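S.K.: have a look at this prediction, sequence included:
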Amino acid sequence: MIRQIGVLTGGGDCPGLNAVIRAVVKTTLTQYGWRVSGIEDGFEGLVFNHTRPLKLEDVRGLLPRGGTILGTTNRGNPFSMRVPRGDHFETRDVSDQVVANFRALELDALIVIGGDGSLKIAHELIAKGLPIVGVPKTIDNDLMGTDITFGFDTALATATDAIDKLHTTAESHHRIMIVEVMGRNAGWIALEAGIAGSADAILIPEIPFRYEPLEAMIALRDRTGRKFSIIVVAEGALPVGGAEVYQAPARAGQLARLGGIGAEVALELERRTDREARTLVLGHLQRGGSPSAFDRLLATRFGAAAVHLIANRDFGKMVALHGWRVASFPIADAISKLKRVPPDGELVRTARDMGIVFGDETIERG
Ligand code: F6P
């Protein structure tokens, strides 16, 4: 019998997290009458017992708000967590503590709102007996099992808006403008914002690039009177035979931080052409702001559906969007591999139809 459920947000934040929390609380309280406990700062809240009850008044006005009222962290993996010990920190497996606290808090089920990292942790906790359902979130849209994650649409709008704005300054100064966008090892934001913002080239991790096609594209545009170019580069993009560019190496419980490929591409293109190049790194702007109408709707549907999964005792699943239908999908399968851009897929082909260059083609300079 279910009396109380917990909800947490894990990993990098994204627009729509608050909308999910609101939908979870409203659905739970009005449809089932169970209590909801908000767990603070991802799984850390279950390690240190940082929780608070969530009532209807706590979620009022939350729908359009970015971020997460519960807080989040991408360092809170209880299977390998940095915890204080005397005057220093050590990395320990504190997952048994999570299980013990879950029981002590009298939780009967847990909703984990997270991307692949948080859902991997959820999967390991399910193996330890915790009844968990997932809600897929990430601006990167790289989770298997759902056509789209909430947060992606808002990030895409932010990136597209930036590309639109860069067009006029690029044109005025006859420059190459490079926009570096997020997405880790998946190029969805770069690809879709590049098409929507009418970029001249898109560089994504799934299609390693060479500089020659970019050079040829710039020369070709020059000759036809378009003395500027816009290049969208995913943070995880890499040249053929080269490697990704990192700002910081992996540290205890944290992934290596990508960033800097845009500046490298700018330098190299300045060397190879007589054009000036400038780089804009959009960074965390893409994770901020009010969720788009699409993300508010998806987040609301996901939040409500997650509660219904619990009511059906359908644990080990995450909610998912299949076509226009909200469905469910096993967490184990969702985390089995990343959903990356298919290099021969329809989106890449459409971009090529628009004359957008990916850096893998042979272009006659004429
Ligand atoms: O996974 C979401 C994401 O925003 C990635 O696109 C990006 O590489 C990463 O998180 C940045 O994480 P952090 O906030 O730790 O710098």
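M.R.: Cool, got the structure.

S.K.: which residues of the stretch 201-350 of the chain score low on pLDDT?
M.R.: 252 (pLDDT under 70).

S.K.: for it, which residues are neighbours of the ligand?
M.R.: Contact residues (Cβ under 6 Å from any ligand atom) of the stretch 201-350 of the chain with the ligand: 235, 257-258, 287. Yep, even glycine has a C-beta here, placed from its N, CA and C like the rest.

S.K.: how about a cut-off of 8 Å?
M.R.: 235-236, 254-255, 257-259, 283-284, 286-287 (Cβ under 8 Å from any ligand atom).

S.K.: PyMOL command for the buried members of those residues?
M.R.: Those of those that count as buried under 16 or more other Cβ atoms under 10 Å are selected in PyMOL with:
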select buried, resi 235+236+258+259+286+287
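
S.K.: in strands, which of the residues of the stretch 201-350 of the chain next to the ligand fall?
M.R.: Judged by DSSP state E, those include 257-258 as members of strands.

S.K.: what residues are up against the residue nearest to residue 142 when sequence neighbours are not counted?
M.R.: Distances taken as Cβ to Cβ, 6 or more residues apart in numbering put residue 186 closest to residue 142, at 3.7 Å, once the chain neighbours are dropped. Residue 186 sits next to 140-142, 205-206, 234, 236, 338-341 when contact means Cβ atoms under 8 Å, 6 or more residues apart in numbering.

S.K.: ok so, going back, need the max-distance pair from the residues of the stretch 201-350 of the chain next to the ligand.
M.R.: Using Cβ to Cβ, those reach their maximum pairwise distance at 254 and 286, which is 19.2 Å.

S.K.: per-residue pLDDT of residue 362, please?
M.R.: As predicted, residue 362 sits at a pLDDT of 87.

S.K.: number of nearby residues for the closest residue to the ligand within the stretch 151-300 of the chain?
M.R.: Nearest residue of the stretch 151-300 of the chain to the ligand: residue 182, at 3.2 Å (Cβ to the nearest ligand atom). Neighbour count of residue 182, defined by other Cβ atoms under 10 Å: 26.

S.K.: what ranges do the strands span in the stretch 51-200 of the chain?
M.R.: Assigned by DSSP state E, counting those that start in this stretch, the stretch 51-200 of the chain shows strands spanning 51-53, 81-85, 88-92, 109-114, 132-136, 176-181.

S.K.: for residue 352, find the nearest of those.
M.R.: Closest among the strands of the stretch 51-200 of the chain, once you apply Cβ to Cβ, is strand 176-181, at 19.3 Å.

S.K.: now for the closest one, which elements pack on it?
M.R.: helix 152-173, helix 188-196, strand 229-234, helix 261-272, strand 277-281 (3 or more Cβ pairs under 8 Å, 6 or more residues apart in numbering; DSSP states H and E).

S.K.: in its sheet, what does that strand sit against?
M.R.: Strand 176-181 pairs in its sheet with strand 229-234 (parallel), strand 277-281 (parallel), by DSSP bridges.

S.K.: the first one: which residues count as buried?
M.R.: Residues of strand 229-234 classed as buried by neighbour count (16+ other Cβ under 10 Å): 229-234.

S.K.: of the helices and strands packed on strand 176-181, which is nearest residue 323?
M.R.: Short answer: helix 152-173, nearest of the helices and strands packed on strand 176-181 by Cβ to Cβ, at 16.0 Å.

S.K.: that closest one packs against which elements?
M.R.: Using 3+ Cβ pairs under 8 Å, 6+ apart, helix 152-173 is in contact with strand 176-181, helix 188-196, strand 229-234, helix 293-311.

S.K.: distance to residue 248 added to those, as JSON lines?
M.R.: Formatted as JSON lines, those follow (distance: least, Cβ to Cβ, whole Å):
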{"stretch": "strand 176-181", "distance to residue 248": "16"}
{"stretch": "helix 188-196", "distance to residue 248": "21"}
{"stretch": "strand 229-234", "distance to residue 248": "18"}
{"stretch": "helix 293-311", "distance to residue 248": "29"}
